[in-house]
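J.: Quick one: sequence plus predicted model below, questions after.
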Amino acid sequence: AIHAFPTAEIKRDTVEALQALEKHYFSHLGVSYPLIVFTDESTATTLRTEFEPFLSAPVIPAVIPVDELARDMPSYSCVDGFDCTSGAAPQSDAHRGVVNKTQFWSPDYLRISRYTAGPLFSHPALDRCGAFLKIDTDFYFTRPLERDPIEDIRREGARIAYWQIHVQGQRQAGFMDAAVSFLRDRRVSVRSVAFYARGR
């Protein structure tokens, strides 16, 4: 999980997400895996106290290197989803949001996104993991899992698995066609009509 520079909103969301993780995954399937949480140095000191009341699993803080968290990074924003620019985001305490039809992402949010797109996989905290599932602390399990995805990964000998697949962003040419082809090839049905919300 990722939990760095948490705002008050993120902390509230995290409690709900952890409760759903425990209820719909760990308790429901009778399993427990360590929860490795990638975080900033300051948040790491209180992480166990904040997370463990909601979980049967041990919580392991993994501090993100300071150079990744201090990387020079401008904000990013898009007006009406298409007119995008760097460094012109509205002033806000939130890491991301929408103000006057302008969707924005803060420098902290973008630093964390960049880190999780690659460098995270080299963190020593993952060295002991034969398989792992990356989730955000605002990802909510809404119903009990039918199967254990970690066990599926181990059984199938997978190197990478997709937890979810959806449109992310507005300027990715061909993404929907590629996603639909991927799902059809594997005979995976789309369960939510929102998957096609932005068209193909």
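T.: That came in fine, so what should we check first? This one's a predicted model, so the numbers in the text were calculated from it and none came from an experiment. Residues are numbered from 1 along each chain as shown.

J.: for residue 41, what are its contacts?
T.: If you count contacts by C-beta atoms under 8 Å, 6 or more residues apart in numbering, residue 41 has them with 63, 66. From N, CA and C alone the C-beta is placed, and that goes for glycine too.

J.: Report how many residues lie close to residue 151.
T.: Using other C-beta atoms under 10 Å, residue 151 has 12 other residues around it.

J.: And residue 76, by the same measure?
T.: 20.

J.: That one against residue 86, yeah?
T.: Yes - counting by C-beta atoms under 8 Å, residue 86 is a contact partner of residue 76 at 5.6 Å.

J.: What segments of this protein are strands?
T.: With strands called from DSSP state E, the chain shows them at 35-39, 59-63, 76-79, 83-86, 96-99, 102-105.

J.: Please identify which of those strands is closest to residue 45.
T.: Counting by C-beta to C-beta, residue 45 lies closest to strand 59-63 out of those; the figure is 8.2 Å.

J.: Need the contact partners of the closest one.
T.: Contacts for strand 59-63 (C-beta under 8 Å, 6+ apart): 34-41, 43-44, 47-48, 51-52, 123, 125-126.

J.: Kindly supply the PyMOL command isolating those of these that are buried.
T.: PyMOL command restricting those to the buried ones, with burial defined by 16 or more other C-beta atoms under 10 Å:
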select buried, resi 35+36+37+38+39+40+43+44+47+51+123+125
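
J.: Which residue would you name as the spatial centre of this protein?
T.: residue 136 (3.0 Å; C-alpha atoms, centre = their mean).

J.: Now that residue. Nearest residue, chain neighbours left out?
T.: Leaving aside its sequence neighbours, residue 136 sits nearest to residue 2 (C-beta to C-beta, 6 or more residues apart in numbering; 5.9 Å).

J.: Tell me where the longest helix sits in this protein.
T.: helix 8-21 (DSSP state H).

J.: if we can go back for a sec, count of neighbours near the residue nearest to residue 136?
T.: Residue 2 has 21 neighbours, counted by other C-beta under 10 Å.

J.: Dig out what the nearest residue to residue 129 once chain neighbours are set aside forms beta bridges with.
T.: Of all residues not flanking residue 129 in the chain, residue 36 sits nearest, at 7.5 Å (C-beta to C-beta, 6+ apart). Per DSSP bridges, the residues bridged to residue 36 are residue 60.

J.: Isn't residue 36 up against residue 126?
T.: Yes - counting by C-beta under 8 Å, residue 36 touches residue 126, with 6.9 Å between them.

J.: what do these two both touch?
T.: Residues touching both residue 36 and residue 126 by C-beta under 8 Å, 6+ apart: 62, 132.
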